[in-house]
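> Structure for the following, please:
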Amino acid sequence: MDSFYSFNQHAFNKHAKTYHLFAHIQQQIAICLVQFLKQKHYAKVLDLGSGSGAVFNALEQQNIVIEDFIALDNSMNMLKLHPTHSINIQKISLEHADFEEHVFHAYDLVVSSSSLQWARDLKSVLEKIALSSKEVALAIHTDFSLHEVHEFLGTPSPLR
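Alright, predicted model coming up:
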């Protein structure tokens with residue numbers, strides 16, 4: 001892992017407990033993303049870059065029923081803040097991993113809100129998502145939309 005991504009992982013770990021105070025836009029994006037889902041029931045859902053649970057919370061608000069929810073994030077401290085109980089979600093798994101190194105299986109839905117812009121090889125990640133999921137819901141930031149995140153982390157944008 002190169003130094004920029006290692007730095008970002010460290011930054012998210014370091015600021016995990018206060019991230020929600022600066023991530024208002026990311027939370028709203030997760031809510032909007034979930035509102036466009038086609039179904040109200042999914043067997044297996046993967047949330048890439050789940051953080052502290054913005055997508056999870058949005059799914060709960062929309063009363064979407066899920067049998068198996070996998071929250072995957074590269075920051076252990078963010079995952080520690082992720083909800084682990086739900087009325088609508090039967091099984092919740094928290095996976096500490098880099099989504100670029102994740103071994104994709106078959107999913108009914110892969111969702112990623114405000115995280116794929118950190119990918120070193122976005123094309124490869126998108127190909128894996130396309131081959132493994134029946135439905136996708138993605139929100140990917142550009143350089144101009146990341147101002148709030150970079151201000152919080154004190155990092156430059158990796159995007160052009």
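
> CA atoms for contacts and neighbours, from now on please.
Fine.

> For Glu101, see how far away Asn88 is.
Asn88 sits 29 Å away from Glu101, going by CA to CA, to the nearest Å.

> which one of these two has more residues nearby?
Using other CA atoms under 10 Å as the criterion, Asn88 and Glu101 rank with Asn88 on top: 16 against 8.

> Verify the stated contact: that one with Gln61.
No - with contact defined as CA atoms under 8 Å, Asn88 does not count as touching Gln61 (9.9 Å).

> just the CA coordinates of stretch 117-137, formatted as CSV?
Provided in CSV are the C-alpha atoms of stretch 117-137 (Å, rounded to 0.1, in the frame of the first residue of the first chain):
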residue,chain,number,x,y,z
GLN,A,117,-13.0,7.9,-5.1
TRP,A,118,-10.2,6.6,-2.8
ALA,A,119,-9.6,3.6,-5.1
ARG,A,120,-6.2,3.3,-6.7
ASP,A,121,-7.6,1.3,-9.6
LEU,A,122,-11.3,2.4,-9.9
LYS,A,123,-11.8,0.5,-13.2
SER,A,124,-10.8,-2.8,-11.6
VAL,A,125,-13.1,-2.2,-8.6
LEU,A,126,-16.0,-1.3,-10.8
GLU,A,127,-15.4,-4.4,-12.9
LYS,A,128,-15.5,-6.6,-9.8
ILE,A,129,-18.7,-4.9,-8.6
ALA,A,130,-20.3,-5.4,-12.0
LEU,A,131,-19.5,-9.1,-12.2
SER,A,132,-20.6,-9.9,-8.6
SER,A,133,-23.8,-8.0,-8.1
LYS,A,134,-27.4,-8.0,-9.4
GLU,A,135,-27.9,-4.3,-8.5
VAL,A,136,-25.5,-1.5,-7.7
ALA,A,137,-25.9,1.9,-6.0
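
> quick one, strands of this protein?
Ranges of strands within the chain are 41-48, 65-73, 89-96, 107-113, 133-139, based on DSSP state E.

> Kindly calculate the angle that the first one makes with strand 107-113.
Looking back up the chat, that one is strand 41-48. Angle between the axes of strand 41-48 and strand 107-113 is 40 degrees (criterion: axes from the mean of the first three to the mean of the last three CA atoms, to 10 degrees).
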